[in-house]
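Asker: Whatever this is, show me its structure:
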Amino acid sequence: MKKGLILLVLFALALSLPASAEKFRDMGNDHWAADSVYDLVEREITNGFPDGTFRGNEKLSRYETAQFLSKMAKSIENNVKPKITDSDIERVVNKVLAKNSSLPADAVVSGQVFLNYQKNLQNTGITNNFNLSRAYLTVKKALGNNAIARVTLDGSTTTEFVKYAYVDLLNVVAIDSFTLNARIGVQPTYWSNWVDDILGLRVVSVSLMGGRYGEPTADTGVSAMGSITTNMLPKINYLATVLNGNGFNAVETDAGKDIGTRVDAEILPGITIGAGGQIEGVGNSTTGNKLANVLVAYKADVVSAYAEIGYGKGAIGYSVAGLCKLGVLDEMLTPVGVFGRVDIYDPNRSVDSDSITDISFGGYYDWNSNVKLLADYSVSTTNIATSSSAALRTQILF
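Answerer: A predicted model of the protein is given here:
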(Lines give C-alpha, C1' and ligand atoms only; values in the text may rest on other atoms or scores of the structure.)
Protein backbone atom coordinates (compact mmCIF):
# COMPACT_ATOMS: atom_id res chain seq x y z
CA MET A 1 0.00 0.00 0.00
CA LYS A 2 2.79 2.42 0.98
CA LYS A 3 4.80 1.69 -2.19
CA GLY A 4 1.71 2.18 -4.32
CA LEU A 5 1.02 5.51 -2.66
CA ILE A 6 4.61 6.65 -3.22
CA LEU A 7 4.42 5.77 -6.91
CA LEU A 8 1.11 7.60 -7.21
CA VAL A 9 2.60 10.71 -5.58
CA LEU A 10 5.65 10.61 -7.86
CA PHE A 11 3.43 10.22 -10.92
CA ALA A 12 1.25 13.15 -9.86
CA LEU A 13 4.29 15.31 -9.21
CA ALA A 14 5.75 14.41 -12.59
CA LEU A 15 2.55 15.44 -14.37
CA SER A 16 2.52 18.76 -12.56
CA LEU A 17 6.11 19.78 -13.29
CA PRO A 18 7.53 21.30 -16.46
CA ALA A 19 9.74 19.07 -18.51
CA SER A 20 13.04 19.37 -20.25
CA ALA A 21 14.52 17.42 -23.12
CA GLU A 22 17.94 17.73 -21.55
CA LYS A 23 19.60 19.29 -18.53
CA PHE A 24 21.70 22.43 -18.56
CA ARG A 25 25.16 21.48 -17.32
CA ASP A 26 25.59 24.76 -15.42
CA MET A 27 22.31 24.41 -13.48
CA GLY A 28 21.57 21.44 -11.20
CA ASN A 29 18.14 19.93 -10.65
CA ASP A 30 18.08 21.35 -7.13
CA HIS A 31 18.56 24.95 -8.31
CA TRP A 32 15.77 27.22 -7.06
CA ALA A 33 14.86 28.31 -10.61
CA ALA A 34 15.14 24.90 -12.32
CA ASP A 35 11.39 24.26 -12.65
CA SER A 36 10.73 27.67 -14.19
CA VAL A 37 13.66 27.44 -16.59
CA TYR A 38 12.72 23.98 -17.85
CA ASP A 39 9.10 25.09 -18.19
CA LEU A 40 10.21 27.88 -20.55
CA VAL A 41 12.34 25.42 -22.52
CA GLU A 42 9.37 23.11 -23.07
CA ARG A 43 7.24 26.05 -24.16
CA GLU A 44 10.00 26.88 -26.70
CA ILE A 45 10.48 30.33 -25.19
CA THR A 46 14.16 29.77 -24.47
CA ASN A 47 16.64 27.07 -25.48
CA GLY A 48 19.76 28.05 -23.62
CA PHE A 49 23.08 28.10 -25.47
CA PRO A 50 24.39 25.52 -27.98
CA ASP A 51 27.08 24.37 -25.56
CA GLY A 52 24.45 23.04 -23.14
CA THR A 53 24.56 25.93 -20.65
CA PHE A 54 21.83 28.34 -19.54
CA ARG A 55 24.04 31.12 -18.07
CA GLY A 56 21.43 32.37 -15.65
CA ASN A 57 23.60 35.21 -14.37
CA GLU A 58 24.08 36.89 -17.75
CA LYS A 59 22.21 40.12 -18.60
CA LEU A 60 19.61 40.27 -21.40
CA SER A 61 20.05 42.68 -24.30
CA ARG A 62 17.04 44.61 -25.67
CA TYR A 63 17.04 42.28 -28.70
CA GLU A 64 16.97 39.17 -26.51
CA THR A 65 14.21 40.68 -24.36
CA ALA A 66 12.09 41.40 -27.44
CA GLN A 67 12.61 37.85 -28.74
CA PHE A 68 11.78 36.40 -25.32
CA LEU A 69 8.51 38.41 -24.98
CA SER A 70 7.47 37.59 -28.54
CA LYS A 71 7.88 33.86 -27.95
CA MET A 72 6.01 34.10 -24.66
CA ALA A 73 3.08 35.88 -26.33
CA LYS A 74 2.89 33.21 -29.03
CA SER A 75 3.03 30.49 -26.38
CA ILE A 76 0.09 32.03 -24.54
CA GLU A 77 -1.88 32.41 -27.77
CA ASN A 78 -1.25 28.80 -28.79
CA ASN A 79 -1.78 27.51 -25.26
CA VAL A 80 1.27 25.27 -25.59
CA LYS A 81 1.14 22.47 -23.01
CA PRO A 82 4.49 21.10 -21.80
CA LYS A 83 5.27 17.48 -22.50
CA ILE A 84 6.38 15.03 -19.84
CA THR A 85 9.72 13.31 -20.50
CA ASP A 86 11.83 10.75 -18.71
CA SER A 87 14.33 13.43 -17.68
CA ASP A 88 11.56 15.39 -15.96
CA ILE A 89 10.37 12.36 -14.01
CA GLU A 90 13.98 11.67 -13.00
CA ARG A 91 14.24 15.25 -11.74
CA VAL A 92 11.06 14.84 -9.66
CA VAL A 93 12.27 11.56 -8.17
CA ASN A 94 15.65 13.08 -7.25
CA LYS A 95 13.94 15.97 -5.48
CA VAL A 96 11.66 13.64 -3.54
CA LEU A 97 14.61 11.45 -2.58
CA ALA A 98 16.53 14.50 -1.39
CA LYS A 99 13.68 15.44 0.92
CA ASN A 100 12.76 11.92 2.00
CA SER A 101 15.71 9.57 1.79
CA SER A 102 13.65 6.75 3.31
CA LEU A 103 12.50 6.01 -0.23
CA PRO A 104 14.56 3.30 -1.97
CA ALA A 105 17.29 4.49 -4.35
CA ASP A 106 19.85 2.74 -6.51
CA ALA A 107 23.50 3.43 -5.85
CA VAL A 108 25.00 6.26 -7.92
CA VAL A 109 28.48 5.59 -9.33
CA SER A 110 30.80 8.37 -10.54
CA GLY A 111 34.50 8.85 -11.00
CA GLN A 112 37.44 11.03 -11.96
CA VAL A 113 40.63 10.10 -13.83
CA PHE A 114 43.68 12.36 -14.14
CA LEU A 115 46.36 11.42 -16.70
CA ASN A 116 49.47 13.37 -17.63
CA TYR A 117 52.66 13.38 -19.62
CA GLN A 118 55.37 15.46 -17.91
CA LYS A 119 58.65 16.54 -19.45
CA ASN A 120 61.63 17.71 -17.42
CA LEU A 121 62.93 21.05 -18.69
CA GLN A 122 65.32 22.08 -15.92
CA ASN A 123 66.44 20.52 -12.62
CA THR A 124 63.19 18.77 -11.70
CA GLY A 125 64.16 15.12 -11.93
CA ILE A 126 60.79 14.37 -13.54
CA THR A 127 60.81 11.24 -15.67
CA ASN A 128 59.59 11.97 -19.18
CA ASN A 129 56.74 9.53 -19.41
CA PHE A 130 52.98 9.07 -19.22
CA ASN A 131 51.53 8.71 -15.75
CA LEU A 132 48.22 8.13 -13.98
CA SER A 133 48.28 10.85 -11.34
CA ARG A 134 44.94 9.87 -9.78
CA ALA A 135 41.85 7.76 -10.35
CA TYR A 136 38.77 8.03 -8.13
CA LEU A 137 35.71 5.79 -8.09
CA THR A 138 32.80 6.93 -5.93
CA VAL A 139 29.63 5.09 -4.92
CA LYS A 140 26.79 6.93 -3.14
CA LYS A 141 23.57 5.40 -1.85
CA ALA A 142 20.67 6.52 0.31
CA LEU A 143 20.36 4.37 3.45
CA GLY A 144 17.03 4.13 5.20
CA ASN A 145 15.77 7.23 6.93
CA ASN A 146 17.74 10.43 6.19
CA ALA A 147 21.15 8.85 5.68
CA ILE A 148 23.50 8.69 2.69
CA ALA A 149 26.63 6.55 2.44
CA ARG A 150 29.68 7.30 0.32
CA VAL A 151 32.74 5.23 -0.51
CA THR A 152 35.51 6.62 -2.71
CA LEU A 153 38.41 4.46 -3.89
CA ASP A 154 41.63 6.31 -4.71
CA GLY A 155 44.35 4.87 -6.92
CA SER A 156 47.50 5.93 -8.72
CA THR A 157 50.62 4.23 -10.02
CA THR A 158 52.03 4.10 -6.48
CA THR A 159 49.02 3.85 -4.14
CA GLU A 160 45.67 2.11 -3.87
CA PHE A 161 43.43 2.84 -0.89
CA VAL A 162 40.06 3.99 0.36
CA LYS A 163 39.89 7.77 0.11
CA TYR A 164 36.52 8.29 1.78
CA ALA A 165 34.15 5.91 3.55
CA TYR A 166 31.49 7.67 5.58
CA VAL A 167 27.79 8.07 6.26
CA ASP A 168 25.95 11.39 6.35
CA LEU A 169 23.10 11.61 8.86
CA LEU A 170 20.81 14.27 7.44
CA ASN A 171 18.67 16.80 9.24
CA VAL A 172 19.81 15.96 12.74
CA VAL A 173 18.49 19.44 13.44
CA ALA A 174 16.35 21.20 10.83
CA ILE A 175 14.48 24.42 11.50
CA ASP A 176 13.68 27.35 9.25
CA SER A 177 17.00 29.14 9.68
CA PHE A 178 19.36 26.39 10.81
CA THR A 179 20.29 22.91 9.60
CA LEU A 180 22.75 20.44 11.09
CA ASN A 181 23.95 17.19 9.51
CA ALA A 182 26.44 14.70 10.96
CA ARG A 183 29.21 12.76 9.20
CA ILE A 184 30.91 9.64 10.58
CA GLY A 185 33.89 7.78 9.08
CA VAL A 186 36.84 8.46 6.80
CA GLN A 187 36.04 11.91 5.41
CA PRO A 188 37.49 15.12 3.92
CA THR A 189 39.48 17.37 6.24
CA TYR A 190 38.13 20.85 6.87
CA TRP A 191 39.83 22.49 3.88
CA SER A 192 39.68 19.59 1.40
CA ASN A 193 37.75 20.23 -1.84
CA TRP A 194 37.48 23.92 -1.00
CA VAL A 195 39.05 25.22 -4.23
CA ASP A 196 38.41 22.21 -6.47
CA ASP A 197 35.12 23.42 -7.92
CA ILE A 198 36.09 27.06 -8.48
CA LEU A 199 38.16 26.53 -11.63
CA GLY A 200 36.98 23.00 -12.39
CA LEU A 201 40.61 21.96 -12.91
CA ARG A 202 41.25 19.51 -10.12
CA VAL A 203 44.08 18.00 -12.16
CA VAL A 204 46.18 21.16 -11.73
CA SER A 205 44.54 23.30 -9.03
CA VAL A 206 44.78 22.32 -5.36
CA SER A 207 44.65 24.24 -2.10
CA LEU A 208 47.81 25.53 -0.41
CA MET A 209 46.90 23.29 2.52
CA GLY A 210 47.44 20.14 0.51
CA GLY A 211 50.07 21.53 -1.83
CA ARG A 212 52.79 23.34 0.11
CA TYR A 213 51.59 22.66 3.66
CA GLY A 214 51.22 18.94 2.94
CA GLU A 215 48.10 18.52 5.09
CA PRO A 216 46.15 15.25 4.58
CA THR A 217 42.99 15.49 2.51
CA ALA A 218 41.16 12.75 4.44
CA ASP A 219 41.12 11.37 7.97
CA THR A 220 38.91 9.34 10.32
CA GLY A 221 36.51 10.94 12.78
CA VAL A 222 33.22 12.80 13.06
CA SER A 223 31.98 16.17 11.82
CA ALA A 224 28.98 18.47 11.79
CA MET A 225 27.92 20.59 8.84
CA GLY A 226 25.00 22.61 7.63
CA SER A 227 23.84 26.15 7.02
CA ILE A 228 22.56 29.20 8.84
CA THR A 229 20.12 31.61 7.20
CA THR A 230 19.12 35.05 8.45
CA ASN A 231 17.29 38.02 6.97
CA MET A 232 20.28 40.29 7.49
CA LEU A 233 23.09 38.08 6.14
CA PRO A 234 23.60 35.72 3.18
CA LYS A 235 23.34 31.98 3.74
CA ILE A 236 26.34 30.80 5.77
CA ASN A 237 27.66 27.27 5.30
CA TYR A 238 29.68 25.75 8.13
CA LEU A 239 31.76 22.64 8.83
CA ALA A 240 33.35 21.43 12.07
CA THR A 241 35.52 18.29 12.26
CA VAL A 242 37.15 16.18 14.98
CA LEU A 243 39.63 13.82 13.30
CA ASN A 244 42.46 11.52 14.36
CA GLY A 245 44.98 13.94 12.97
CA ASN A 246 47.62 11.81 11.28
CA GLY A 247 45.84 11.14 8.02
CA PHE A 248 44.06 7.97 6.97
CA ASN A 249 47.16 5.94 6.12
CA ALA A 250 49.17 6.82 9.25
CA VAL A 251 49.13 4.78 12.45
CA GLU A 252 47.43 6.61 15.33
CA THR A 253 49.90 6.71 18.20
CA ASP A 254 48.17 9.00 20.73
CA ALA A 255 44.79 10.22 21.93
CA GLY A 256 45.18 13.71 20.47
CA LYS A 257 42.69 14.87 17.86
CA ASP A 258 42.73 17.60 15.23
CA ILE A 259 39.83 20.02 15.55
CA GLY A 260 39.02 22.01 12.41
CA THR A 261 36.29 24.38 11.30
CA ARG A 262 35.31 26.35 8.22
CA VAL A 263 32.61 28.86 7.25
CA ASP A 264 31.83 30.35 3.86
CA ALA A 265 29.11 32.45 2.24
CA GLU A 266 28.22 33.86 -1.17
CA ILE A 267 28.15 37.54 -0.26
CA LEU A 268 27.31 38.71 -3.80
CA PRO A 269 26.31 36.77 -6.94
CA GLY A 270 29.35 34.69 -7.86
CA ILE A 271 31.54 36.04 -5.02
CA THR A 272 32.30 33.71 -2.10
CA ILE A 273 34.42 34.32 0.96
CA GLY A 274 35.48 31.73 3.51
CA ALA A 275 37.75 31.17 6.46
CA GLY A 276 38.91 28.06 8.27
CA GLY A 277 41.47 26.67 10.64
CA GLN A 278 42.51 23.78 12.83
CA ILE A 279 44.31 23.00 16.07
CA GLU A 280 46.36 19.80 16.06
CA GLY A 281 46.75 17.29 18.86
CA VAL A 282 43.97 18.53 21.15
CA GLY A 283 43.87 16.19 24.16
CA ASN A 284 47.61 15.69 24.40
CA SER A 285 49.60 17.11 27.30
CA THR A 286 50.69 19.88 24.92
CA THR A 287 48.44 21.03 22.11
CA GLY A 288 50.19 21.02 18.75
CA ASN A 289 50.37 23.35 15.77
CA LYS A 290 47.71 25.79 14.66
CA LEU A 291 46.80 26.51 11.07
CA ALA A 292 44.40 28.94 9.38
CA ASN A 293 43.47 29.92 5.84
CA VAL A 294 41.23 32.47 4.12
CA LEU A 295 39.69 32.18 0.65
CA VAL A 296 38.07 34.73 -1.66
CA ALA A 297 36.61 33.37 -4.91
CA TYR A 298 34.70 34.58 -7.95
CA LYS A 299 32.97 32.18 -10.31
CA ALA A 300 31.10 33.09 -13.48
CA ASP A 301 30.49 31.66 -16.94
CA VAL A 302 33.55 33.25 -18.57
CA VAL A 303 35.97 34.01 -15.71
CA SER A 304 36.69 32.18 -12.46
CA ALA A 305 39.38 33.06 -9.93
CA TYR A 306 40.39 32.72 -6.29
CA ALA A 307 42.95 33.98 -3.81
CA GLU A 308 44.00 31.97 -0.74
CA ILE A 309 46.19 32.78 2.25
CA GLY A 310 47.56 30.11 4.58
CA TYR A 311 49.16 30.92 7.94
CA GLY A 312 50.49 28.73 10.72
CA LYS A 313 52.94 25.95 11.62
CA GLY A 314 55.74 28.50 11.27
CA ALA A 315 54.94 29.13 7.61
CA ILE A 316 52.91 31.47 5.44
CA GLY A 317 51.67 31.03 1.89
CA TYR A 318 49.78 32.95 -0.79
CA SER A 319 48.02 31.54 -3.83
CA VAL A 320 46.23 33.26 -6.72
CA ALA A 321 44.69 31.35 -9.62
CA GLY A 322 42.32 32.11 -12.46
CA LEU A 323 40.67 30.71 -15.58
CA CYS A 324 39.23 32.52 -18.60
CA LYS A 325 37.21 31.14 -21.48
CA LEU A 326 38.38 32.69 -24.73
CA GLY A 327 35.42 34.71 -25.86
CA VAL A 328 32.04 34.02 -27.36
CA LEU A 329 31.42 32.91 -30.93
CA ASP A 330 27.89 32.87 -32.35
CA GLU A 331 26.41 33.17 -28.84
CA MET A 332 28.32 30.08 -27.73
CA LEU A 333 31.22 29.96 -25.31
CA THR A 334 34.24 28.51 -27.06
CA PRO A 335 35.55 25.23 -25.63
CA VAL A 336 39.04 26.76 -25.34
CA GLY A 337 40.42 28.64 -22.35
CA VAL A 338 43.53 29.66 -20.47
CA PHE A 339 44.48 29.35 -16.81
CA GLY A 340 47.28 30.42 -14.53
CA ARG A 341 48.41 30.22 -10.93
CA VAL A 342 51.04 31.83 -8.70
CA ASP A 343 52.03 30.45 -5.27
CA ILE A 344 54.43 32.12 -2.86
CA TYR A 345 55.31 29.98 0.13
CA ASP A 346 57.65 30.76 3.04
CA PRO A 347 58.30 27.51 4.96
CA ASN A 348 59.89 29.33 7.92
CA ARG A 349 58.81 32.88 8.73
CA SER A 350 61.77 33.38 11.05
CA VAL A 351 64.31 32.78 8.25
CA ASP A 352 64.90 35.31 5.49
CA SER A 353 65.31 34.47 1.79
CA ASP A 354 63.94 30.91 1.95
CA SER A 355 60.62 31.47 0.16
CA ILE A 356 59.50 29.39 -2.82
CA THR A 357 57.72 30.89 -5.83
CA ASP A 358 55.70 28.57 -8.08
CA ILE A 359 54.26 29.86 -11.37
CA SER A 360 52.19 27.79 -13.77
CA PHE A 361 50.07 28.67 -16.79
CA GLY A 362 48.54 26.93 -19.74
CA GLY A 363 45.49 26.29 -21.85
CA TYR A 364 42.71 23.75 -22.10
CA TYR A 365 40.24 22.37 -24.61
CA ASP A 366 36.85 20.94 -23.63
CA TRP A 367 36.47 17.85 -25.78
CA ASN A 368 33.02 17.66 -24.23
CA SER A 369 31.48 18.41 -20.83
CA ASN A 370 33.27 15.42 -19.25
CA VAL A 371 36.66 15.32 -20.99
CA LYS A 372 39.17 18.18 -20.75
CA LEU A 373 42.58 18.31 -22.47
CA LEU A 374 45.24 20.59 -20.97
CA ALA A 375 48.79 21.78 -21.59
CA ASP A 376 50.79 23.78 -19.07
CA TYR A 377 54.23 25.08 -18.15
CA SER A 378 55.48 25.30 -14.55
CA VAL A 379 58.51 26.96 -12.98
CA SER A 380 59.58 26.88 -9.32
CA THR A 381 62.19 29.28 -7.94
CA THR A 382 64.05 29.26 -4.61
CA ASN A 383 67.03 31.27 -3.39
CA ILE A 384 69.41 28.61 -4.69
CA ALA A 385 67.85 27.05 -7.79
CA THR A 386 65.18 27.17 -10.48
CA SER A 387 63.35 24.17 -11.89
CA SER A 388 60.82 23.92 -14.69
CA SER A 389 58.68 21.37 -16.50
CA ALA A 390 55.95 21.07 -19.13
CA ALA A 391 52.96 18.75 -19.09
CA LEU A 392 50.08 17.47 -21.19
CA ARG A 393 47.11 16.44 -19.06
CA THR A 394 43.71 14.82 -19.41
CA GLN A 395 40.90 15.25 -16.90
CA ILE A 396 38.02 12.77 -17.23
CA LEU A 397 34.79 12.93 -15.24
CA PHE A 398 32.13 10.25 -15.38
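
Asker: quick one: the strands in the stretch 51-200 of the chain?
Answerer: 108-122, 129-142, 147-155, 160-175, 178-188 (DSSP state E, counting those that start in this stretch).

Asker: Can you give me the distance of the residue lying closest to residue 271 once chain neighbours are set aside to residue 51?
Answerer: Spatially, and ignoring its direct neighbours in sequence, residue 271 is nearest to residue 298 (5.4 Å; Cβ to Cβ, 6 or more residues apart in numbering). For glycine as for every other residue, the C-beta is placed from the backbone atoms N, C-alpha and C. Separation of residue 298 from residue 51 (Cβ to Cβ, to the nearest Å): 21 Å.

Asker: thinking again about what came up before, what about the residue nearest to residue 271, helix or strand, and which?
Answerer: Element membership of residue 298 [criterion: DSSP states H and E] is strand 290-299.

Asker: in the sheet, who's paired with residue 307?
Answerer: Beta-bridge pairing of residue 307 under DSSP bridges involves residue 296, residue 320.

Asker: That one contacts residue 320, doesn't it?
Answerer: Yes - judged on Cβ atoms under 8 Å, residue 307 makes contact with residue 320 at a distance of 4.9 Å.

Asker: Please state the offset of stretch 149-164 from the chain centre?
Answerer: Its chain's average C-alpha position is 18 Å from that of stretch 149-164, according to Cα atoms, centre = their mean, to the nearest Å.

Asker: Tell me how many other residues surround residue 33.
Answerer: Applying other Cβ atoms under 10 Å, we find 10 residues neighbouring residue 33.

Asker: Tell me the confidence at it?
Answerer: In this model, residue 33 is scored at 71, pLDDT.

Asker: For it, give its distance to residue 60.
Answerer: 15 Å.

Asker: residues in contact with the helix or strand residue 374 falls within?
Answerer: Of the helices and strands defined by DSSP H and E, residue 374 is found in strand 371-381. For strand 371-381, contacts defined as Cβ atoms under 8 Å, 6 or more residues apart in numbering pick out 200-201, 203-204, 339, 356-367, 386-397.

Asker: Now the element after that strand, going C-ward?
Answerer: strand 386-397.

Asker: Direction-wise, compare that following strand with strand 129-142 and give the angle.
Answerer: 40 degrees (axes from the mean of the first three to the mean of the last three Cα atoms, to 10 degrees).

Asker: ok, strand 386-397: who's next to it in the sheet?
Answerer: Short version: by DSSP bridges, strand 386-397 pairs with strand 108-122 (antiparallel), strand 371-381 (antiparallel).

Asker: Same list, the ones you listed, but as TSV with distance to residue 67 please.
Answerer: Putting the strands paired with strand 386-397 into TSV (distance: least, Cβ to Cβ, whole Å) gives the following:
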stretch	distance to residue 67
strand 108-122	37
strand 371-381	32
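
Asker: Go through the ones you listed and pick out the most buried.
Answerer: Scoring the strands paired with strand 386-397 by mean neighbour count under mean count of other Cβ atoms under 10 Å gives strand 371-381 as the most buried, with a mean of 17.

Asker: Residue 395: what's it in contact with?
Answerer: Here residue 395 is in contact with 112-114, 201-203, 371-372, 374 (Cβ under 8 Å, 6+ apart).
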